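Asker: What shape does this take:
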Amino acid sequence: MSRIELRNVSKRFGPVSIFHAIDLSIAPGEFVVFIGPSGCGKSTLLRLIAGLEDASDGEIEIDGRIVNALPPAKRDVAMVFQSYALYPHMSVYQNMAFGLQQQKLPKAEVEARVKEASRILQLDELLDRKPKQLSGGQRQRVAIGRAIVRKPKVFLFDEPLSNLDAALRVNTRVEIAKLHRQIGSASMIYVTHDQVEAMTLADKIVLLTPGAGARGEPGIAQVGSPLTLYHHPANRFVAGFIGSPAMNFVDASVAAADAERVLLDCAGQSQLACVDGQSGGRALQPGQRATLGIRPEHLLAQREAPGQDTGWPAQVQHVEHLGEHGYVHAKLRDGNATLIAKVHDENFRVGDMLRLVAPPESVHVFREDGTALARRLVVGAASV
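Answerer: Predicted structure coming up:
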């Protein structure tokens, strides 16, 4: 079992900084997903760990050994590429066995390792086929099998499912999760742009973004479990990136605040937010600018009733029907913001008048610099 440590790791291409001063610890057997917008450096960071790129600064340690100067073959890692990278003239068996044969391993051991990997990945009946005779999902399983037979300390996956159709992505994602459970002693690092893959596979998510560092350098925006990033984003960027559809944001100003509650003026309405008492609203002053955040699944869409004064009045601009649920896009009457609310069963139509209600325990508050106030989950919050 191998621990991976990145200490003050930076990468530059000429004057362009890809990421700066990254510190990251990956525990033995942990499944870590690198995610972020295009160009944030997630694949480059993976290639640094693999040894396919050199770090400009910092140290990369695998299993207690600094590997910066070691070539990929000496790092005891196995990489699965987006393009599969199979030998077209070799059978499935030969593709999986080739690396072991190059290491001069005994024939019996090669056969045993290939047999075990093919059993795990359900490739037993495909061992004699050539890559051109396989589907995309089968080719990807062969590429994963070629990595498994090496018994590496670290598995590296570079967007392995991006070439597959939707159904195959789901199936192969499940297989990768099963694989992690079966060979849990090896750490796995997985690069993707797909939030569903990140949320369902990861023990820990590393969200990278340009401009995340203390001085605005590209780097890590937040590290944590999927639910930590979802429920407790560190800043507005994380809140807007994690979740689909994205979190709604409304410009606001602070009306009043104490340790556990913040009252906001936004879109012509007063809105209460519950915050954590230890790092809550004491530092906020009336009149300060802020941003209110609320996820579509937490925003309540109610048909407007005569005399109703709760929630934001809004008009439906667009409705997305997805079967069991849907999404209503509604423009606030007092302001330019259009908010998205997840709805069930309600037959909303374009032009309908609504009230959008944000429960205080579901509201996120972001300071003017974008950092988040920690949330306190409560029931029946009182007003400030």
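
Asker: Could you list every helix and strand in contact with the lengthiest helix in the chain?
Answerer: Secondary structure assigned by DSSP state H gives helix 166-182 as the longest helix of the chain. Contact here means 3 or more CB pairs under 8 Å, 6 or more residues apart in numbering; DSSP states H and E; on that basis helix 166-182 packs against helix 136-148, helix 195-201. Quick note: C-beta positions are derived from backbone N, CA and C, even for glycine.

Asker: and these, which one is worst for confidence?
Answerer: Set side by side, the helices and strands packed on helix 166-182 give their lowest mean pLDDT on helix 136-148, at a mean of 88.

Asker: Of the helices and strands packed on helix 166-182, flag the one that's most buried.
Answerer: Mean neighbour count (mean count of other CB atoms under 10 Å) peaks for helix 136-148 among those, with a mean of 23.

Asker: Reformat the helices and strands packed on helix 166-182 as JSON lines; add distance to residue 337.
Answerer: Formatted as JSON lines, the helices and strands packed on helix 166-182 follow (distance: least, CB to CB, whole Å):
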{"stretch": "helix 136-148", "distance to residue 337": "41"}
{"stretch": "helix 195-201", "distance to residue 337": "23"}
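
Asker: Looking at these, spot the one closest to residue 31.
Answerer: Residue 31 lies closest to helix 195-201 among those, at 6.1 Å (CB to CB).

Asker: could you say what helices and strands the helix or strand following the closest one packs with?
Answerer: Using DSSP states H and E, the helix or strand that follows helix 195-201 in sequence is strand 204-209. Strand 204-209 is packed against strand 16-26, strand 31-35, strand 219-224, helix 226-231, helix 236-241, with contacts defined by 3+ CB pairs under 8 Å, 6+ apart.

Asker: buried sites along the fourth one?
Answerer: For helix 226-231, the neighbour count (16 or more other CB atoms under 10 Å) marks 226, 228-230 as buried.

Asker: Could you single out the nearest of those to residue 9?
Answerer: Proximity of those to residue 9 (CB to CB) peaks at residue 229, which lies at 21.3 Å.

Asker: Tell me if I'm right that that closest one and residue 205 touch.
Answerer: Yes - if you go by CB atoms under 8 Å, residue 229 and residue 205 touch, sitting 5.6 Å apart.

Asker: what do these two both touch?
Answerer: Common contacts of residue 229 and residue 205 (CB atoms under 8 Å, 6 or more residues apart in numbering): 222, 242.

Asker: partner residues bridging the residue lying closest to residue 363 once chain neighbours are set aside?
Answerer: With CB to CB, 6 or more residues apart in numbering as the criterion, residue 363 has its nearest non-adjacent residue at 3.9 Å, and that residue is residue 273. Beta-bridge partners of residue 273, counted by DSSP bridges, are residue 262.

Asker: And the pLDDT at residue 273?
Answerer: pLDDT, residue 273: 93.

Asker: any chance of the buried residues of helix 226-231 in JSON lines, with distance to residue 36 and pLDDT too?
Answerer: Compiled in JSON lines, these are given as follows (distance: CB to CB, whole Å; pLDDT from 0 to 100):
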{"residue": "226", "distance to residue 36": "14", "pLDDT": "96"}
{"residue": "228", "distance to residue 36": "16", "pLDDT": "95"}
{"residue": "229", "distance to residue 36": "12", "pLDDT": "95"}
{"residue": "230", "distance to residue 36": "16", "pLDDT": "95"}
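
Asker: Contact partners for the closest residue to residue 290 other than its chain neighbours?
Answerer: Spatial nearest neighbour of residue 290, chain neighbours left out: residue 252 (4.9 Å); criterion: CB to CB, 6+ apart. Contacts for residue 252 (CB under 8 Å, 6+ apart) come out as 264-266, 271, 289-292.
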